[in-house]
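Participant: model this:
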Amino acid sequence: LAHNAATRRRQGHAIRSRLATLDHDARTAAGAAVAAPDDAVLLHRARIRLKRLRYALAAADGLAGLTTATAVARLRRVQRALGAAADLAVVLAITGDSGTSADPALVRALADEHAAAARAARASLAAWTATAPITLDTPGPDR
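Facilitator: Numbers count the residues shown, from 1 in each chain. Got it, this is the predicted structure:
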């Protein structure tokens, strides 16, 4: 950030504004994924939006007086659940492909695990969306 107070305020506002937009996009995508439990595309979209938000928050930590570690940790937990569901979807797609000689019992077991992981991921998303939006207020004299 610049050393000039007016420039710092403008830059801080730009950072907070971008983070607020990313937070809104992530919450919108998460809400859509939770509302459509059979839509894998919406679940993937939510995963990507949360990942963008988490990376941006991690990069902004310490800028413009922001402390984002708590929000990043919370998003990381949600992303683990989303990642488990996504990983199982890939394994299921590979083993469930008619060109493979996978045991049908294995494919059914993977499908059951994937369904459970997807439910857990949606529950994690729902819990995250129920939390308050990320606080982006800048404390101190630079307000």
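
Participant: Quick one: low-confidence residue ranges for this protein.
Facilitator: Applying pLDDT under 70 to the chain flags the ranges 1-2, 98-100, 135-143.

Participant: In contact with the closest residue to residue 75 other than its chain neighbours, which residues?
Facilitator: Among residues not flanking residue 75 along the chain, residue 54 sits closest, at 4.1 Å (C-beta to C-beta, 6 or more residues apart in numbering). The way it works is simple: take the backbone N, C-alpha and C, and place the C-beta from them, glycine included. Contacts for residue 54 (C-beta atoms under 8 Å, 6 or more residues apart in numbering) come out as 72, 75-76, 79.

Participant: Any buried residues in the helix or strand hosting residue 51, and which?
Facilitator: In the assignment (DSSP states H and E), residue 51 maps to helix 40-60. Residues 42-47, 49-51, 53-54, 56-57, 60 are the ones in helix 40-60 that count as buried (16 or more other C-beta atoms under 10 Å).
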